[in-house]
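Q: Below are the sequence and a predicted model for it; my questions follow.
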Amino acid sequence: MNKQTSYKASCFCGDVQFTLSGEPEAMAFCHCDSCRRWSAGQVNAFTLWNPDNIEITSGVDKTGSFSGNPGSEHETEVSRRKWCKTCGGHVFTEHPEMGVTDVPAVVISGFTFKPGFHVHYQETVHHVKDGLAKFKDLPEEAGGSGQQLSE
């Protein structure tokens, strides 16, 4: 893991800044359509944090929010996506039903991203051969089937 116990993070322009304390609960890649569309990338590198370990330190008034996963097979999951109203840069996504907050790895300064697995790999548009577990949906401990797919 990383050596720090506190990290600084921000949106693209820096108007929204926040701190993360401790270490993430998990680090992985998501291939679902919802995450790909939200991140505007073929794969989403995420870190999951305990919500109590995240604090917006500036720009809370510049933070926009959207709830839901429109057009996704995961529509029943409630996700609150946060972004900066100035630059549109992503900040984090709250997943209250799972009890975690997803912070894109790329917005965390000085953080070493060490993914442990891939989720929703059946939806991939970018096959990755990295030796990590590829889950059809989610690991069992996260409420998924735990079914793994081949690379």
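A: Yep, it's here.
Q: Could you confirm E23 falls within a strand?
A: No. Read with DSSP: H, G, I helix; E, B strand; the rest coil, E23 is coil and lies in no strand.
Q: where's it relative to K62, distance?
A: 27 Å (CB to CB, to the nearest Å). Heads up, the C-betas are built off the backbone N, CA and C, glycines and all.
Q: Same check on G41?
A: Taken as CB to CB, the span from G41 to K62 is 24 Å.
Q: So for the two, which residue has more residues nearby?
A: Remark: of G41 and K62, K62 carries more neighbours, 17 against 13, as counted by other CB atoms under 10 Å.
Q: need the contact list for the more buried one.
A: By CB atoms under 8 Å, 6 or more residues apart in numbering, K62 lies in contact with D15, V16, C84, K85, T86.
Q: What residues sit buried inside the worst-scoring helix or strand of the chain on mean pLDDT?
A: Every helix and strand in the chain was compared by mean pLDDT, DSSP states H and E; the lowest is helix 33-39, with a mean of 88. Buried positions in helix 33-39, judged by neighbour count with 16 or more other CB atoms under 10 Å: S34, C35, R36, W38, S39.
Q: same question, stretch 51-69
A: In stretch 51-69, counting by 16+ other CB under 10 Å, buried: N53, I54, I56, G59, K62, T63, N69.
Q: Least confident of those residues?
A: Lowest pLDDT among these: N69, with 58.
Q: what's the burial count for the closest residue to A133 other than its chain neighbours?
A: Nearest-residue entry for A133: F117, 4.3 Å, with adjacent residues in sequence omitted and distances by CB to CB, 6 or more residues apart in numbering. Per other CB under 10 Å, the neighbour tally for F117 reads 16.
Q: Same check on G99?
A: G99, neighbours per other CB under 10 Å, totals 11.
Q: ok, it touching P51?
A: Yes. Counting by CB atoms under 8 Å, G99 touches P51, with 7.4 Å between them.
Q: now stretch 112-127, how far from the chain's geometric center?
A: Offset of stretch 112-127 from its chain centre (CA atoms, centre = their mean, to the nearest Å): 12 Å.
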